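1. Pasted the sequence and its predicted model underneath.
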Amino acid sequence: MCLKTHPDFQLAYEAARRFAADSLVDEMLEIADDARNDWMERINRSETTAVFNAENVQRSCLRVQTHQWIAEKRCPSRYGQKIKSEVTGKDGGLCKRK
(Lines give C-alpha, C1' and ligand atoms only; values in the text may rest on other atoms or scores of the structure.)
Protein backbone atom coordinates (compact mmCIF):
# COMPACT_ATOMS: atom_id res chain seq x y z
CA MET A 1 0.00 0.00 0.00
CA CYS A 2 1.37 3.38 -0.97
CA LEU A 3 1.01 6.06 1.68
CA LYS A 4 0.63 8.81 -0.90
CA THR A 5 -2.54 7.28 -2.33
CA HIS A 6 -4.19 6.95 1.11
CA PRO A 7 -3.85 10.32 2.89
CA ASP A 8 -5.88 9.29 5.95
CA PHE A 9 -3.72 6.26 6.49
CA GLN A 10 -0.59 8.35 5.91
CA LEU A 11 -1.58 10.77 8.69
CA ALA A 12 -2.28 7.90 11.10
CA TYR A 13 0.99 6.23 10.13
CA GLU A 14 3.02 9.41 10.72
CA ALA A 15 1.30 9.97 14.07
CA ALA A 16 2.12 6.40 15.13
CA ARG A 17 5.78 6.86 14.18
CA ARG A 18 5.95 10.10 16.21
CA PHE A 19 4.32 8.32 19.17
CA ALA A 20 6.82 5.44 18.87
CA ALA A 21 9.75 7.89 18.79
CA ASP A 22 8.37 9.75 21.83
CA SER A 23 8.04 6.43 23.69
CA LEU A 24 11.68 5.62 22.93
CA VAL A 25 12.76 8.98 24.33
CA ASP A 26 10.75 8.31 27.51
CA GLU A 27 12.49 4.92 27.82
CA MET A 28 15.87 6.62 27.34
CA LEU A 29 15.21 8.76 30.42
CA GLU A 30 14.22 5.70 32.44
CA ILE A 31 17.36 3.82 31.39
CA ALA A 32 19.62 6.80 32.13
CA ASP A 33 18.03 7.41 35.54
CA ASP A 34 18.13 3.75 36.63
CA ALA A 35 21.22 3.33 38.83
CA ARG A 36 20.12 0.15 40.62
CA ASN A 37 22.92 -2.05 39.27
CA ASP A 38 25.67 0.54 38.88
CA TRP A 39 27.32 -0.77 42.04
CA MET A 40 27.67 -4.35 43.23
CA GLU A 41 28.89 -5.91 46.43
CA ARG A 42 32.13 -7.83 46.40
CA ILE A 43 32.91 -10.11 49.31
CA ASN A 44 36.60 -10.69 50.07
CA ARG A 45 37.29 -12.95 53.02
CA SER A 46 35.33 -11.27 55.80
CA GLU A 47 34.95 -7.86 54.14
CA THR A 48 32.21 -6.56 51.83
CA THR A 49 32.93 -3.62 49.54
CA ALA A 50 30.96 -1.76 46.89
CA VAL A 51 32.49 -2.01 43.40
CA PHE A 52 31.53 0.04 40.36
CA ASN A 53 29.78 -2.13 37.75
CA ALA A 54 31.20 -0.71 34.50
CA GLU A 55 29.60 -3.44 32.37
CA ASN A 56 26.10 -2.44 33.47
CA VAL A 57 26.78 1.26 32.91
CA GLN A 58 28.20 0.58 29.42
CA ARG A 59 25.20 -1.57 28.52
CA SER A 60 22.85 1.20 29.67
CA CYS A 61 24.79 3.67 27.53
CA LEU A 62 24.47 1.36 24.51
CA ARG A 63 20.73 0.98 25.12
CA VAL A 64 20.27 4.77 25.27
CA GLN A 65 22.32 5.26 22.08
CA THR A 66 20.32 2.58 20.27
CA HIS A 67 17.01 4.15 21.34
CA GLN A 68 18.32 7.54 20.20
CA TRP A 69 19.33 6.20 16.78
CA ILE A 70 15.93 4.60 16.25
CA ALA A 71 14.08 7.77 17.39
CA GLU A 72 16.14 9.82 14.91
CA LYS A 73 15.15 7.44 12.09
CA ARG A 74 11.47 7.26 13.05
CA CYS A 75 10.98 10.98 13.51
CA PRO A 76 13.90 12.90 11.96
CA SER A 77 12.11 16.25 12.03
CA ARG A 78 11.87 16.07 15.81
CA TYR A 79 14.85 13.97 16.92
CA GLY A 80 17.23 14.09 13.94
CA GLN A 81 20.56 15.87 13.89
CA LYS A 82 20.16 19.59 13.28
CA ILE A 83 22.62 20.97 10.76
CA LYS A 84 23.36 24.67 10.81
CA SER A 85 25.22 26.29 7.95
CA GLU A 86 26.47 29.83 7.74
CA VAL A 87 27.82 31.64 4.71
CA THR A 88 30.80 33.87 5.30
CA GLY A 89 32.72 36.20 3.05
CA LYS A 90 36.36 37.07 2.65
CA ASP A 91 38.48 36.60 5.80
CA GLY A 92 35.53 35.04 7.65
CA GLY A 93 33.30 38.12 7.59
CA LEU A 94 29.60 37.78 6.93
CA CYS A 95 28.47 38.52 3.41
CA LYS A 96 26.62 41.82 3.07
CA ARG A 97 24.37 42.89 0.25
CA LYS A 98 24.95 46.22 -1.37
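-> Nice, I can see it. Numbers count the residues shown, from 1 in each chain.
2. Could you tell me which other helices and strands the lengthiest helix in the chain packs against?
-> In the chain, assigned by DSSP state H, the helix with the most residues is helix 7-33. When contacts are defined as 3 or more CB pairs under 8 Å, 6 or more residues apart in numbering; DSSP states H and E, helix 7-33 packs onto helix 54-74, helix 76-79. Where C-beta positions appear, they are placed from N, C-alpha and C, glycine not excepted.
3. Can you list the low-confidence ranges for this protein?
-> The chain contains residues with pLDDT under 70 at 1, 89-98.
4. Next, the contact list for the most centrally placed residue in it, please.
-> Here the mean C-alpha position of the chain is nearest to the C-alpha of Gln68 (CA atoms, centre = their mean), at a distance of 2.2 Å. With contact taken as CB atoms under 8 Å, 6 or more residues apart in numbering, Gln68 is in contact with Leu24, Met28, Tyr79.
5. mind running it again at 10 Å?
-> Leu24, Val25, Met28, Tyr79 (CB atoms under 10 Å, 6 or more residues apart in numbering).
6. Just the buried ones from those?
-> Neighbour counting over these (16 or more other CB atoms under 10 Å) leaves Leu24, Met28, Tyr79 as the buried ones.
7. can I get the residues you listed in JSON lines with distance to Glu47?
-> As requested, these are exported to JSON lines (distance: CB to CB, whole Å):
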{"residue": "Leu24", "distance to Glu47": "42"}
{"residue": "Met28", "distance to Glu47": "37"}
{"residue": "Tyr79", "distance to Glu47": "47"}
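8. re the thing from before, which one of the contacts of Gln68 is nearest Trp39?
-> Proximity of the contacts of Gln68 to Trp39 (CB to CB) peaks at Met28, which lies at 21.6 Å.
9. so that closest one touches Glu72, yeah?
-> No. Using CB atoms under 10 Å, Met28 is not in contact with Glu72, being 11.7 Å away.
10. Ser23 contacts His67, doesn't it?
-> Yes. At 9.4 Å, Ser23 counts as touching His67 under the criterion of CB under 10 Å.
11. Looking at these two, which one has more neighbours?
-> His67 (21 against 13; other CB atoms under 10 Å).
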